[in-house]
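Chemist: Based on what follows, work out the 3D shape:
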Amino acid sequence: MSAPPTARLPRVDQLNPRQQMAIDCARCSRRLGMVGRVWGEARYRGRLFRLWVCVPECPPPVVGGTP
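Modeler: Residues are numbered from 1 along each chain as shown. Purely as a prediction, here's the structure:
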């Protein structure tokens, strides 16, 4: 399975280890938990990485904090 032609995958070397291991979302860095979907596959140094993202989509960033 690979990414759709319109999807732009990040460079694997720019992701943190948790994103590379599919623990965190490859787009927003939030923990995936029990849900996620394959965004695409990328090769880096001869190894294949399957990048995962949030389902159904990444939540909007939280601005500020509690009042």
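Chemist: how long is stretch 20-35 end to end?
Modeler: 16 Å (C-alpha to C-alpha, to the nearest Å).
Chemist: And that stretch, what's buried?
Modeler: Counting neighbours by 16 or more other C-beta atoms under 10 Å, one finds that the buried residues in stretch 20-35 are 20, 22, 24, 25, 26, 27, 32. All C-beta spots, glycine's among them, are computed from the backbone N, C-alpha and C.
Chemist: wait, which of these is closest to residue 55?
Modeler: Set against residue 55, the nearest of the buried residues of stretch 20-35 by C-beta to C-beta is residue 32 (8.5 Å).
Chemist: just to revisit the earlier point, so which of the buried residues of stretch 20-35 sit within helices?
Modeler: Helix and strand membership here follows DSSP state H; of those, those in helices are residue 20.
Chemist: quick one: which of the buried residues of stretch 20-35 is nearest to residue 58?
Modeler: Comparing every one of the buried residues of stretch 20-35 with residue 58 (C-beta to C-beta), the shortest separation belongs to residue 27, at 5.2 Å.
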